[in-house]
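In: Here is my input, please return the structure:
(one chain, ligands or ions: 2)
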Amino acid sequence: MVLLLGLLLTGGLYTAFSPAQADTSASDEELVQQGRELFLVNCSFCHGQNGEGVRTVDGDQLGPSLVGVGAAAVDFQVGTGRMPMAQPGAQVPRKPVSFSDEETAAMAAFVASLGPGPAIPDESDYSIEGMSAEEREAAIARGGQIFLTNCTACHNFTGSGGAMPRGGYAPRILDVEPRYVYEALLSGPQSMPTFSNGNLSPDEKRDVIAYLQSLRDDPAYGGFGMGGLGPVAEGMYAWIAGIGLLVGFAVWIAAHTTRTSKEKVES
Ligand code: HEC
Ligand code: HEC
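Out: Ligands and ions are numbered 1, 2, ... in the order given. You can find the predicted model right below:
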């Protein structure tokens, strides 16, 4: 009896849990197939038919291998319009997105099938909507510290971007959607380092997102912000424009005193 009951129980549990999985894997396969077709038409020229990467005759990379970059990288690159890349250059900038969400998801599934890599994050990973006011304050404080130590070197203190070697630049990141911030951290586009979940936990990533949002919402308290370019640029401005103006003014005063005008009259 016990054996029979046990068998029934395992069988019942199995049927209760397995169908959902079987269903998704069937539709996953369809998605991968659809993604492969899109990939062959739009991406294989640079990334190879199986995403293995393509080298030019001189040994340069036409497109890197996509094995193991994961669905998150595709969602980021295609979702921000960076891919398909229009022309080779120092920077792969954002441009209008050329694929629908479904097409992007299909290509992401295809690239994910090539090798294990970071998956597209769930909304609960990056959304800061559900936080209470205190939680948000705390997240902003923690995120600020993470941002100051890890991101300001390239993206500037206010997240407004900066120049990079070899003609590239780190873009302004204040208006980037939370999902793409998260995916940029996961995939490390171009010369940006990768902040995997082992490096920067999902909670810490969300703290950074909260901080970026607070920077964007921060009201400007008047004055000339100069784009928050940092102490060097601001100091240079003070020296050249500020001190320059004062020196000019001093020379002007010196040239217009009674003494100078008297001397002119006498001679
Ligand atoms: C070594 C320099 C460097 C560091 C450090 C760095 N980034 Fe970046 N980041 C870049 C570059 C370069 C790009 C542009 C990549 C591209 O256009 O493909 C970029 C792109 C991004 C984007 C995508 C912007 C967009 O327009 O879609 C986000 C978001 C981002 N970075 C956030 C961060 C955060 C948050 C940190 C810190 C945890 C960080 N970055 C650290 C260099 C850096
Ligand atoms: C004209 C050539 C070209 C085409 C077409 C192209 N790519 Fe790329 N792709 C590149 C290059 C070059 C890079 C490397 C950019 C860099 O990071 O400096 C890249 C990078 C990527 C990355 C980031 C890899 C990583 O390590 O994070 C992904 C993902 C990607 N491409 C997906 C696609 C998809 C999907 C398509 C088709 C919709 C596509 N690409 C079309 C040239 C191309």
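
In: Next SSE downstream of the strand or helix carrying Val232?
Out: Here Val232 sits within helix 231-237, counting by DSSP states H and E. Sequence order places helix 244-255 as the next helix or strand after helix 231-237, per DSSP H and E.

In: Spatially nearest residue to Gly167, not counting backbone neighbours?
Out: Leaving out its chain neighbours, the residue that sits closest to Gly167 by CB to CB, 6 or more residues apart in numbering is Ala90, at 3.6 Å. All C-beta atoms are positioned from the backbone trio N, CA, C, and that covers glycine.

In: Show the average pLDDT along the helix or strand Ala141 falls within.
Out: Using DSSP H and E, Ala141 sits in helix 133-150. Here helix 133-150 scores 92 as its mean pLDDT.

In: other SSEs contacting it?
Out: When contacts are defined as 3 or more CB pairs under 8 Å, 6 or more residues apart in numbering; DSSP states H and E, helix 133-150 packs onto helix 202-217.

In: can you list contacts of the helix it packs on?
Out: With CB atoms under 8 Å, 6 or more residues apart in numbering as the test, helix 202-217 has contacts from 121, 125-128, 131, 136, 139-140, 142-144, 146-147, 151, 158-159, 173-176, 178, 181-182, 185, 195, 197, 200.

In: how about a cut-off of 7 Å?
Out: 125-126, 128, 136, 139-140, 142-144, 146-147, 158-159, 173-175, 178, 181-182, 185 (CB atoms under 7 Å, 6 or more residues apart in numbering).

In: Please state the backbone phi and psi of Gly162?
Out: Backbone torsions of Gly162, given as degrees, to the nearest 10, read phi -170, psi 170.

In: can you tell me how far the nearest residue to it once chain neighbours are set aside sits from Gln145?
Out: The spatial neighbour of Gly162 that comes closest, neighbours along the chain excluded (CB to CB, 6+ apart), is Asn156 at 4.9 Å. Applying CB to CB, to the nearest Å, the value for Asn156 to Gln145 is 16 Å.

In: Who has more neighbours out of the two?
Out: More neighbours surround Asn156 than the other of Asn156 and Gln145, with 19 against 13 (other CB atoms under 10 Å).

In: Report pLDDT for that one.
Out: Asn156 carries a pLDDT value of 84.

In: Roughly how far does the residue of the stretch 1-150 of the chain found nearest ligand 1 sit from Ala72?
Out: Ligand 1 sits closest to Asn150 of the stretch 1-150 of the chain, with a gap of 3.9 Å, by CB to the nearest ligand atom. As for Asn150, its distance to Ala72 is 18 Å (criterion: CB to CB).

In: between those two, which one's more packed in?
Out: With neighbours defined as other CB under 10 Å, Asn150 and Ala72 compare such that Ala72 has more, 24 against 17.

In: Name the helix or strand for that one, please.
Out: Here Ala72 is assigned to helix 70-79, by DSSP H and E.

In: Buried residues, the helix or strand following that helix. List them.
Out: Note on helix 70-79: by DSSP H and E, the next helix or strand toward the C-terminus is helix 101-114. By neighbour count with 16 or more other CB atoms under 10 Å, helix 101-114 contains the buried residues 104-114.
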